[in-house]
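# Sequence first, then the predicted structure:
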There are 2 protein chains.
Amino acid sequence: MIQKLLHEGVEVETSIDGYDAADFPEITAEKQGHRHPVHTVVVTHFELARMIERVNRRFASLLRSELTKLGIEDVGPAQAMVLLAIGDVELSVGELLDRGHYIGSNISYYLKQLADGGYIDRVASQRDKRSARIRLTDKGEQLCANLRNAGGAYNRVLARDDDDLRNLEIAFQTLHRLELVWGNAARYGI
Amino acid sequence: MIQKLLHEGVEVETSIDGYDAADFPEITAEKQGHRHPVHTVVVTHFELARMIERVNRRFASLLRSELTKLGIEDVGPAQAMVLLAIGDVELSVGELLDRGHYIGSNISYYLKQLADGGYIDRVASQRDKRSARIRLTDKGEQLCANLRNAGGAYNRVLARDDDDLRNLEIAFQTLHRLELVWGNAARYGI
DNA sequence: GTAACTTACTTCAAATTTTGAAGTAAAATT
DNA sequence: AATTTTACTTCAAAATTTGAAGTAAGTTAC
């Protein structure tokens, strides 16, 4: 309808909004150069965004259930993601912000909870006393280790052969590109 | 360091697309004796999850700013995603749930807001009066059209050539796979 | 035909997560 | 020394998500 006509950029015959789990847009095997890519089903950034939203939701609930299985009550999926983002390095709050594109007050809030729970240590930097240095405590490392350990099963399922590896890599790169494009657009306009 | 040992990962080659490995602590990059500098990295599902989380955040704030630009005050990014998920078909709440993996009460809540705002119509199905049939009103279609229109610019940036298209496709497919694996795992255990 | 069960959705209250404005203190700049 | 900037924190409010409980329509089993 109207939307279809306004669809710019990518020529598409896509019934994006009428698919069910079985028939996702597939690229047709043969394309005729990129002058007139007709009959090609193309993924728009909205479809990707919706997919990303769904997948994110899925992961969050998976993470929640892993945490429950581990008997962790004081760390939600969002906080767990922060722990995983910290990883095994010591960093400042600002670096953590960059890592997750969080908003400052948000991270502060999580860090407070995590510090209260004994999962991280916060030490003012020697050089710059404004800057809080963050790192996992043993308890925090243990939790991350448990999560990663549980995660191994998923990695084995997701990456069975070279094709899988390539695709995961491409997905990662492409998401990164989306991140940059969307991020820059938000800041400087497209 | 313990984490590293527990890391079950996926070996993958990154391309040059210009991200800083330092941003991603879970990726260990080790240069091998290739002729061209090639990083062999390990992409775990946690890294993907973190990337997805970030990208999702980015997109939400982009969407928020698009909505602001359009002067829309009564629709947030989450509700806009629901509108986009509805698309131009008439469907039931249940179908919408499937589309976004929402939780029932959540969608109900959004639909109420959207109906109040005049963006959707809700009609009880003739066959099954329990089932609410949902579709966009003209106002809702207009908003979607505007959003898609604005989105055209991103599509043009994101999908410049066939390579881009291929990668977007692969990313989409791979995310779908993640969705399935994570979703099944959550329901039936891995 | 009706009692019990299931499905489809809604409501509400609470929990979680995100946002933004205002604050503090240290560092850098003037 | 005064001002500005940086790095972060706090707080309160808003937005989003969750889950338990409810309603009403449809289905099934007697």
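Okay, I see it. Numbering: from 1, shown residues only, chains lettered A, B, ... in the order given.

# Kindly report the residues of chain A close to DNA strand C.
A:60, A:76-79, A:102-106, A:109, A:127-130 (CB under 7 Å from any atom of the strand). Where C-beta positions appear, they are placed from N, C-alpha and C, glycine not excepted.

# redo that, cut-off 6 Å
A:76-79, A:103, A:105-106, A:109, A:128-130 (CB under 6 Å from any atom of the strand).

# Could you tell me which of those residues belong to helices?
The helices, defined by DSSP state H, take in A:77-79, A:105-106, A:109 from the residues of chain A next to DNA strand C.

# for A:Gly141, helix, strand, or coil?
In this structure residue A:141 is Glu, not Gly. Of the three states, A:Glu141 takes helix according to DSSP: H, G, I helix; E, B strand; the rest coil.

# so it sits right up against A:Ile86, yeah?
No. A:Glu141 is beyond contact range of A:Ile86, at 9.7 Å (criterion: CB atoms under 8 Å).

# between those two, which one's more packed in?
Neighbour comparison, A:Glu141 and A:Ile86: the larger count goes to A:Ile86, with 25 against 20 (by other CB atoms under 10 Å in any protein chain shown).

# what about chain A, any weak spots by pLDDT?
Applying pLDDT under 70 to chain A flags the ranges A:1-41, A:189-190.

# Need the residue closest to the centroid of it.
Centroid-nearest residue in chain A, with CA atoms, centre = their mean: A:Asn56, separated by 6.9 Å.

# That one: what's it in contact with?
Residues in contact with A:Asn56 (CB atoms under 8 Å, 6 or more residues apart in numbering or on different chains) are B:49, B:52-53, B:56.

# So which of these belong to helices?
Mapping the contacts of A:Asn56 onto helices (DSSP H) picks out B:49, B:52-53, B:56.

# Get me the contact residues on chain A for DNA strand D.
Within chain A, the positions near DNA strand D by CB under 6 Å from any atom of the strand are A:60-61, A:92-94, A:104-105, A:108-109, A:111-112, A:122, A:130-132.

# Swap in 10 Å and give it another go.
Residues of chain A found near DNA strand D (CB under 10 Å from any atom of the strand) are A:53, A:56-58, A:60-61, A:64-65, A:68, A:76-77, A:91-98, A:103-112, A:115, A:122, A:124-125, A:128-134.

# quick one on the thing from earlier: among the ones in helices among the residues of chain A next to DNA strand C, which two are most distant?
Based on CB to CB, the longest span within these runs between A:Pro77 and A:Ser105 and measures 19.1 Å.

# So which of the contacts of A:Asn56 is the closest to B:Phe172?
B:Ile52 (12.6 Å).

# Identify the residue nearest the closest one in space, chain neighbours excluded?
Nearest residue to B:Ile52, sequence neighbours excluded (CB to CB, 6 or more residues apart in numbering or on different chains): A:Asn56, at 5.1 Å.

# Ok, A:Ile120 next?
That would be A:Leu114: by CB to CB, 6+ apart, it lies 4.7 Å from A:Ile120.

# What's the ChimeraX syntax to select whichever of the contacts of A:Asn56 are buried?
Filtering the contacts of A:Asn56 down to the buried ones (16 or more other CB atoms under 10 Å in any protein chain shown) takes a single ChimeraX command:
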select /B:49,52,53,56
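
# Show me chain A divided up by domain.
Segmentation of chain A into domains, based on automatic domain parsing, reads A:74-158, A:165-190.

# So which of those domains is the most surrounded?
Of all these, domain A:165-190 carries the top mean neighbour count, a mean of 19, counting by mean count of other CB atoms under 10 Å in any protein chain shown.

# quick one: that one near chain B?
Yes. Against chain B, domain A:165-190 shows contacts by CB under 8 Å from any CB of the partner chain at A:165-179, A:181-183, A:185-186, A:190.

# Could you list every helix and strand that the top helix by length along chain A packs against?
Secondary structure of chain A per DSSP H: the longest helix is helix A:162-188. If you count contacts as 3 or more CB pairs under 8 Å, 6 or more residues apart in numbering or on different chains; DSSP states H and E, helix A:162-188 packs onto helix A:45-69, strand B:11-13, helix B:45-69, helix B:138-158, helix B:162-188.
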